[in-house]
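S.K.: Sequence and predicted structure are below.
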Amino acid sequence: MHSIFARINNTSALLSSCMMALLAAIALSSLVFTAKPQGNVSIASVQVYSGNTRRYATKRQDLAFVDFNITADFTPLFNWNTKQIFIYLQAEYNSTLGVKNEAVIWDRIVRRKEEAHVNVVGKNKYNFRDLSASFKTAPPASYSLQYNIMPYVGALTWGEAARTSEPVAFPPRKARV
Amino acid sequence: MFTDELKAFRRLGFRHVLLQVLNFASVIASGLMIWKGLGIVTNSESPIVVVLSGSMEPAFYRGDLLFLTNPSSEQYKTGDITVYKIPGADIPIVHRVLETHDVPPKIDIRQYTKATKRSKSQPTSGKNSEHDNQLLLTKGDNNPIDDIELYRGLEWLEKKHIVGKVKGFLPYVGYVTIAMNDFPQLKYALLGGLGLLALIQRE
């Protein structure tokens, strides 16, 4: 009854249940924080060139190059249970065939409150291409700034911070840079 | 020390041993039931996974525990963190969705996926006609480029490759299983110790 094993067992059981309760409380507490950051996305220019991706050196396809400006303040999202915020800019358009496309063209990981004022003039980090290998018939695309809050413990949440006011059309393909 | 235990063992007799074995079996069975029940609720073949690689750092490190769901009515979105398993690869991979292309059922998606060998044996026409077929491209947050090299010849991920979408996170806890995989002796020691304790326990 009072053997050393029983004592160790009881102590560790108590400790682990306390730990579980504390973690659950922290995870639940992040439901209280419901900040909605607001930002602004504007597309400076979109250009389409013919190029190839690294997989097929000989297969040519259209690649879109997007220059954009982002201003957004993600500081309200940082609370005691925020480990990092993953911000990403995505393009969305429905092709004429009815295919719904979403492609992330830029992202950033924000780990500290001090870096959460995002003010970026940039261009796409990832290849932006269409399934049909051409943007010729693609309708204008909207661009939106999304975020994913990743906690120290608990549920991951997603949200949208900004969106272009109106869709931006793809220009005709240019032959040379 | 062990003579005492052995004496106790003799005194308690065969029935006691049987009872303890039964208890042990019921513990294992209920664990399995909870696991499979969770799998049904979340529609995922493995609703809890342990992170095995560093490709999602600094979000997920080795040994972190992830809770997945895989609702069949929902499409995946960009920014979702999915766990996927490529046929022929033994380890599931935890990476973020970079591109989604929802292809309406009337368009044959095989023209994009190029998986000619497999699709010949099982024609997919009209199988899930109420949902769009989805083509996905993923990337690890800590990797500089997307995952095409990991797909073993596939052009795109499809819904059937995806085990689930990460909904919850618990740090470090899964490291026990990694430790047990890295040092198999630990696993046997733990299992043996537990079994022995269960047998000689009196209450």
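M.R.: Great, that's in hand.
S.K.: name the element the most centrally placed residue in chain A belongs to?
M.R.: When C-alpha atoms, centre = their mean is applied to chain A, the residue found nearest the centroid is A:Tyr88 (3.1 Å). Following DSSP states H and E, the helix or strand that holds A:Tyr88 is strand A:82-94.
S.K.: So which bits of chain B are right by chain A?
M.R.: Taking C-beta under 8 Å from any C-beta of the partner chain as the test, the list of chain B residues beside chain A reads B:58-59, B:77-81, B:96-104, B:106-107, B:112, B:132, B:135, B:139, B:141, B:145-146, B:148, B:166-171. The way it works is simple: take the backbone N, C-alpha and C, and place the C-beta from them, glycine included.
S.K.: Buried only: go through the residues you listed for me.
M.R.: B:59, B:78-81, B:96-103, B:112, B:132, B:135, B:139, B:141, B:146, B:148, B:166-171 (16 or more other C-beta atoms under 10 Å in any protein chain shown).
S.K.: Report pLDDT for the closest residue to chain B within chain A.
M.R.: Among the residues of chain A, A:Lys100 lies nearest to chain B; the distance is 3.9 Å by C-beta to the nearest C-beta. For A:Lys100, the pLDDT comes out at 93.
S.K.: quick one: contacts for it?
M.R.: For A:Lys100, the residues meeting the contact criterion (C-beta atoms under 8 Å, 6 or more residues apart in numbering or on different chains) are A:92, A:94, B:100-102, B:132.
S.K.: rerun at 10 Å
M.R.: With C-beta atoms under 10 Å, 6 or more residues apart in numbering or on different chains as the criterion, the residues that contact A:Lys100 are A:92-94, B:75, B:100-104, B:132, B:134.
S.K.: Same check on A:Val46?
M.R.: For A:Val46, counting by C-beta under 10 Å, 6+ apart, the contacting residues are A:64-68, A:91, A:124, A:128, A:135, A:140-141, A:143, A:168-171.
S.K.: for B:Glu74, same thing?
M.R.: The contact partners of B:Glu74, by C-beta under 10 Å, 6+ apart, come to B:43, B:80, B:131, B:165.
S.K.: Surely it is within a helix?
M.R.: No. B:Glu74 is assigned coil when assessed by DSSP: H, G, I helix; E, B strand; the rest coil, not a helix.
S.K.: how much space between it and B:Phe183?
M.R.: Computed as C-beta to C-beta, to the nearest Å, the B:Glu74 to B:Phe183 distance reads 39 Å.
S.K.: do the same with B:Leu191
M.R.: Relative to B:Phe183, B:Leu191 is positioned 13 Å away (C-beta to C-beta).
S.K.: What of A:Leu156?
M.R.: Taking C-beta to C-beta, one finds A:Leu156 at 31 Å from B:Phe183.
S.K.: Which residue of the two possesses the greater neighbour count?
M.R.: Comparing A:Leu156 with B:Phe183 by neighbour count (other C-beta atoms under 10 Å in any protein chain shown), the higher total belongs to A:Leu156, at 20 against 11.
S.K.: Surely the more buried one and B:Thr69 touch.
M.R.: No. If you go by C-beta atoms under 10 Å, A:Leu156 and B:Thr69 don't touch, sitting 11.2 Å apart.
S.K.: Give the residues shared as contacts by those two.
M.R.: The contact sets of A:Leu156 and B:Thr69 overlap at B:165-168 (C-beta under 10 Å, 6+ apart).
S.K.: I'd like the mean pLDDT over stretch B:47-55, please.
M.R.: Per-residue pLDDT over stretch B:47-55 has a mean of 91.
S.K.: same deal with stretch A:23-31?
M.R.: When pLDDT is averaged along stretch A:23-31, the result is 93.
S.K.: ok, now how distant is the residue lying closest to A:Phe33 once chain neighbours are set aside from A:Ser29?
M.R.: Taking C-beta to C-beta, 6 or more residues apart in numbering or on different chains as the measure, A:Phe33 lies nearest to A:Asn79, with 4.7 Å between them; neighbours along the chain are not counted. Distance, A:Asn79 to A:Ser29, using C-beta to C-beta: 8 Å.
S.K.: what does A:Tyr49 give?
M.R.: Computed as C-beta to C-beta, the A:Tyr49 to A:Ser29 distance reads 49 Å.
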